[in-house]
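**Q** Sharing a sequence plus its predicted fold:
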Amino acid sequence: MPAARDRAAPHATHRLPVHTARGPEALQEVLRVATYNIHKGVRGLGPRKRLEIHNLGLAVESFDADVVCLQEVRLFQHRDARRFRHGRQGWPEGGQADFLAPEGYEVAYRTNAVTRHGEHGNALLSRWPIGEVAHHDVSDHRFEQRGLLHVPVLWNGSRVHVVVAHFALLHAGRVRQVQRLAEYLAAEVPAGEPLMVAGDFNDWSEKLDTPMRAIGLARASDPAPPGWSAVHKPTFPALAPVFALDRVYLRGLRCRSTLVPRGAGWRKWSDHLPLLVELEAS
C-alpha cells in the first residue's frame with residue numbers, strides 16, 4: 001500500500017508567507033482562503049503521465065489557509081490507481097480530499113462528474129469547524145457535469161457560508177449557472193450571513209463579474225486607489241499565466257489582499273496556479 005505523504009519531500013521548501021493567527025482557539029481578524037484546481041492530482045499524457053498528488057499535499061500545507069477550496073478532486077479512479085500503485089509515493093488510499101487535508105482539518109467532498117474509470121468533484125478543507133454539507137447540481141448539459149459544494153464554516157463563533165464552484169466552459173452556460181447559483185443562495189443561505197463563492201469559473205473573457213454583482217457578489221481583489229480599476233492576478237495556464245480563471249466572490253466580507261504563488265514547482269503540479277485571499281468581516 002502507498003505510504004502517507006512524505007513530509008520531507010524536496011518541494012517542501014516552497015512555502016508561502018506564514019499566517020500569524022492559528023486556529024479556532026482565539027478570535028482571528030483575518031480569514032485566509034485558498035482556491036486551487038488540482039487537475040485530478042496528475043499531469044501529462046500517455047507514458048509521460050505523472051502523479052503529483054504528493055506535491056499537491058505539500059502545496060496545500062504551505063498555504064497555511066483556514067479554508068482551502070479545491071476543484072477536480074478524485075474520490076477514486078481505478079485506472080490511475082492501478083498505474084501508480086507501486087512505489088512509496090504511489091496512488092493514495094482513500095479519497096484525494098482526505099489525503100490533501102493537513103492534520104486537524106475537517107474535510108467535505110461531493111462528486112460532480114462520473115466518468116468511465118472514476119469520478120471527480122469539489123472539496124473543502126477547513127481548520128475551523130464545519131456544518132452540514134450540501135451539494136447542488138448546476139450542470140448546463142449532460143456532457144459537462146458541474147456542481148456547487150456548500151459548506152458552512154464556523155469562524156469566530158459565526159457562520160461563514162462557503163460555496164466551492166467549477167463553472168462551464170462556455171459563457172452562456174456560465175451565465176445560466178450564475179442564475180442557478182442565485183436561486184440556490186436565496187433558498188439556502190440567510191441574507192444576513194457572510195458568504196463566499198470560490199473556485200474555477202472558466203471566465204476567459206472576463207464577463208462574469210457583472211452577473212455576479214447583480215446577485216450581490218463582489219469579486220475579491222487587492223484594494224485599489226479611488227478611480228483605479230481592480231487588478232486581478234492570472235492563474236491559468238500555470239506555465240505562463242494569462243487568464244484569471246480562479247476567483248473568490250464575496251458578500252459580507254472584505255478582501256485585504258490576494259496572492260498567486262509562482263515558481264518552478266507550481267508550474268508542474270497542476271495546469272492552474274492557486275489563488276490565496278485574506279478576508280475580514282465587512
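**A** Nice, I can see it.

**Q** Can you give the distance from the helix or strand of the chain with the lowest mean pLDDT to the centre of its chain?
**A** In the chain, no helix or strand scores lower on mean pLDDT, DSSP states H and E than helix 78-83, which sits at a mean of 88. Helix 78-83 sits 24 Å away from the centroid of its parent chain (C-alpha atoms, centre = their mean, to the nearest Å).

**Q** do stretch 46-66 as well
**A** 13 Å.

**Q** Quick check: buried residues in that stretch?
**A** Of all the residues in stretch 46-66, those buried under the rule 16 or more other C-beta atoms under 10 Å are 51-66. (C-beta placed from N, C-alpha, C; glycine too.)

**Q** Now, those residues that are in strands?
**A** Among the buried residues of stretch 46-66, the members found in strands (DSSP state E) are residue 51.

**Q** Return the subset of the buried residues of stretch 46-66 lying in helices.
**A** Within those, residues falling in helices by DSSP state H are 53-63.

**Q** Take these and write them to CSV, including pLDDT and distance to residue 247.
**A** Compiled in CSV, these are given as follows (pLDDT from 0 to 100; distance: C-beta to C-beta, whole Å):
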residue, pLDDT, distance to residue 247
53, 96, 24
54, 96, 27
55, 97, 24
56, 97, 20
57, 97, 24
58, 97, 24
59, 98, 19
60, 98, 19
61, 98, 23
62, 97, 21
63, 98, 16
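
**Q** Can you give the contact residues for the least confident helix or strand of the chain?
**A** If you take C-beta atoms under 8 Å, 6 or more residues apart in numbering as the criterion, helix 78-83 is touched by 40, 42, 49, 51, 74, 91, 117-118.

**Q** which of those tops the neighbour count?
**A** Highest neighbour count within the contacts of helix 78-83, by other C-beta atoms under 10 Å: residue 74, with 26 neighbours.

**Q** That one and residue 94 touch, don't they?
**A** No: with contact defined as C-beta atoms under 8 Å, residue 74 and residue 94 do not form a contacting pair (10.4 Å).

**Q** need the strands for the stretch 151-282 of the chain, in chain order.
**A** 158-166, 195-200, 218-219, 246-251, 253-259, 275-281 (DSSP state E, counting those that start in this stretch).

**Q** Report the strands that pair with the shortest one, each with its relative direction.
**A** What that stands for is strand 218-219. The strands beside strand 218-219 in its sheet (DSSP bridges) come out as strand 246-251 (antiparallel).

**Q** Can you give the distance from the partner strand to the centre of its chain?
**A** On the basis of C-alpha atoms, centre = their mean, the separation between the geometric centre of strand 246-251 and that of its chain is 11 Å.

**Q** residues contacting residue 224?
**A** Neighbouring residues of residue 224 by C-beta under 8 Å, 6+ apart: 230-231.

**Q** pLDDT score assigned to residue 155?
**A** Listed pLDDT for residue 155 reads 97.

**Q** same deal with residue 69?
**A** At residue 69, the pLDDT value in this model is 98.

**Q** repeat for the one 4 residues further on
**A** Note on residue 73: pLDDT of 97.
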